[in-house]
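> I'll drop the sequence and a predicted model, then ask my questions.
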Amino acid sequence: MKAIMLMFDSLNRRMLAPYGCDWTHTPNFQRLAKHAVTFDNAYIGSMCCIPARRELHTGRYNFLHRGWGPLEPFDDSMPAMLRDSGIYTHLATDHYHYWENGGCTYHTMYSSFEIERGQEFDLWKGVVREPEEPEHLGHWARPYWVNREFMQREEDHTSVRTVKRGLEFIERNHHDDRWFLHIECFDPHEPYFANEQFRKLYAHDYDGPHFDWPSYRPVNETPEQVEHCRREYAALLSMCDAQLGKVLDMMDEKGLWDDTMLIVNTDHGYLLGEHGWWAKAMPPWYQELANTPLFIWDPRSRVAGERRQALVQTIDLAPTLLDYFGVTPTADMEGVPLAQTIADDTTVRDAALFGMFGCQVNVTDGRYVYMRAAVPGNEPCYEYTLMPQLMRNAMPVERLRKAVLGPAFPFTKGCPTLKVPGGAWPNVSQHGTTLFDLKTDPGQEHPLEDAAVEASMVAHLVRLMHKNHAPAEQFERIGLAADDRGQ
């Protein structure tokens, strides 16, 4: 038994041909859909990049206890569990956040790992002179403008190099058994820097400023700039599609479909002007961000070319891979193995929780989406950790001076935690609490007012927060009364 996970960051479901898009060039995603199960109701859990990876390892929600940070000493890591059970695990990636403070314990969970340098802010090449940068990005994007000078050919791009490393692993090890290969591409995450052959697929009349990297904020560009940026994303998406094709070719060439699970997934989507927003994190977690593409081929059931409606999440992937290799998921994992769902669309949950630390707490049952906003001030809010790191730096000493020894949660295996104040996003209460009916309003343009439905969704939210052992202040932060949280 073998398994391959090919993960693309910020992969937009709505822009893939298997999900109905008719203007992007994604033939290999179409090819994949014919050889796998396509999930229509796959959802994120914890956002953004590294919190999603913690879910991928641990099979449980991250966002109600902490934000961006390393794996904790008490965490169960799926790749490590496989490794310790005799399954060789390998990571090939250009996701440079693994090599920063906030991601420093993830790649070491694999039997071996390799990184391709040069994505986004990666401090890669030493160039003293100042590069010429687009005015709208400013000096903060300097590393990117240095890096891209060294990626002029298609084969120089980091995602292309990453997939090449994955293919080398398959070529070297396809005759052997019991391995898990995780190929993770940072693309099509912004900036949308694609090779020219892919940009030509979306050639159009545009004479505006350079614009392939929108900031995390409301849209204030012209319609022409918005359309141009979408096409730049599409070009990078097509470059990713070409890399997917190489993996599918290798599956064909080596006869891997008979004994190899293939998972193609993402962490979240990305707003390209929808709802008047760019990007993620700042706006609510609309469907464009939260409802993600997911494809799985399971050689045990051999179901291909079918769709599944069951409500599944990122937290299900760790238990699915563990179960596939005969390793029992831990009791702390909230996700469930998807083998039966892949086979016959067996339901695994009636509601799914998702969100980002210190922001709205969201829940969906597949029909309705309920977004519960914070009260004014967005407090109280604490992070619980034994690894007080942020994305690129340690937590500020000003925050750590106020830390106290916090409780041991059931999933911390008896370990107390540092209870660190702060970390919440102060502006999220501006979005308000909203309810949407995805059946009648799939674009989430008209908030629904229905007291009975809202009460049902609150009940789902509270139940799932309890299941996640959410601290009491998380209920208070979103305006739930004491009896709502069962106290």
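Ah, there it is. Numbering: from 1, shown residues only.
> shaky segments in the stretch 301-450 of the chain?
Residues of the stretch 301-450 of the chain meeting the criterion pLDDT under 70: 425-430.
> residue 387 reaches residue 69, doesn't it?
Yes: shown here, residue 387 and residue 69 form a contact pair, counting by CB atoms under 8 Å, at 5.5 Å. The way it works is simple: take the backbone N, C-alpha and C, and place the C-beta from them, glycine included.
> all strands of the stretch 51-200 of the chain, in order?
Along the stretch 51-200 of the chain, the segments classed as strands by DSSP state E, counting those that start in this stretch run 88-93, 112-115, 179-185.
> the stretch 201-350 of the chain too?
Counting by DSSP E, counting those that start in this stretch, the strands of the stretch 201-350 of the chain are 260-265, 271-272, 278-279, 291-292, 295-297, 306-308, 312-313.
> mean pLDDT lowest for which of these?
Lowest mean pLDDT of the strands of the stretch 201-350 of the chain: strand 278-279, a mean of 95.
> pick out whichever of residue 387 and residue 69 has more residues nearby.
Neighbour count, other CB atoms under 10 Å: between residue 387 and residue 69, residue 69 has more, with 27 against 19.
> show me what contacts that one?
Going by CB atoms under 8 Å, 6 or more residues apart in numbering, residue 69 touches 50, 54, 102, 383, 385, 387-390.
> could I get these as CSV with distance to residue 338?
Shown next, in CSV, are the contacts of residue 69 (distance: CB to CB, whole Å):
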residue, distance to residue 338
50, 23
54, 19
102, 29
383, 30
385, 30
387, 29
388, 34
389, 32
390, 33
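> between the residues you listed, which sits nearest residue 126?
residue 102 (23.5 Å; CB to CB).
> and for the nearest residue to residue 306 once chain neighbours are set aside, the neighbour number?
Among residues not flanking residue 306 along the chain, residue 37 sits closest, at 5.6 Å (CB to CB, 6 or more residues apart in numbering). By the criterion of other CB under 10 Å, residue 37 has 22 neighbours.
> need the phi and psi values for residue 37.
Note on residue 37: backbone dihedrals following degrees, to the nearest 10 are phi -90, psi 130.
> so where do the helices sit in the protein?
27-34, 49-58, 78-84, 142-147, 158-173, 196-199, 223-253, 287-290, 317-324, 339-344, 397-400, 451-467, 472-477 (DSSP state H).
> show me what the second one is packed up against.
Here helix 49-58 is seen to pack against strand 46-47, helix 78-84, helix 317-324 when contacts are counted using 3 or more CB pairs under 8 Å, 6 or more residues apart in numbering; DSSP states H and E.
> go with 6 Å
The helices and strands touching helix 49-58, judged by 3 or more CB pairs under 6 Å, 6 or more residues apart in numbering; DSSP states H and E, number zero.
> list the contacts of that helix.
Outside of helix 49-58, the residues within contact range by CB atoms under 6 Å, 6 or more residues apart in numbering are 45-46, 62-63, 68, 75-78, 97, 102-103, 106, 267, 314-315, 317.
> what's the PyMOL syntax to select whichever of those residues are buried?
The command below creates a PyMOL selection of those among these that count as buried (16 or more other CB atoms under 10 Å):
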select buried, resi 45+46+62+63+68+75+76+77+78+97+102+103+106+267+314+315+317
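> which pLDDT value goes with the nearest residue to residue 123 once chain neighbours are set aside?
Leaving out its chain neighbours, the residue that sits closest to residue 123 by CB to CB, 6+ apart is residue 143, at 5.7 Å. Predicted confidence (pLDDT) for residue 143: 89.
> residue 143 and residue 115, how far apart?
With distances taken as CB to CB, to the nearest Å, residue 143 is found 15 Å from residue 115.
> next one: residue 227
Residue 227 sits at a distance of 34 Å from residue 115 (criterion: CB to CB).
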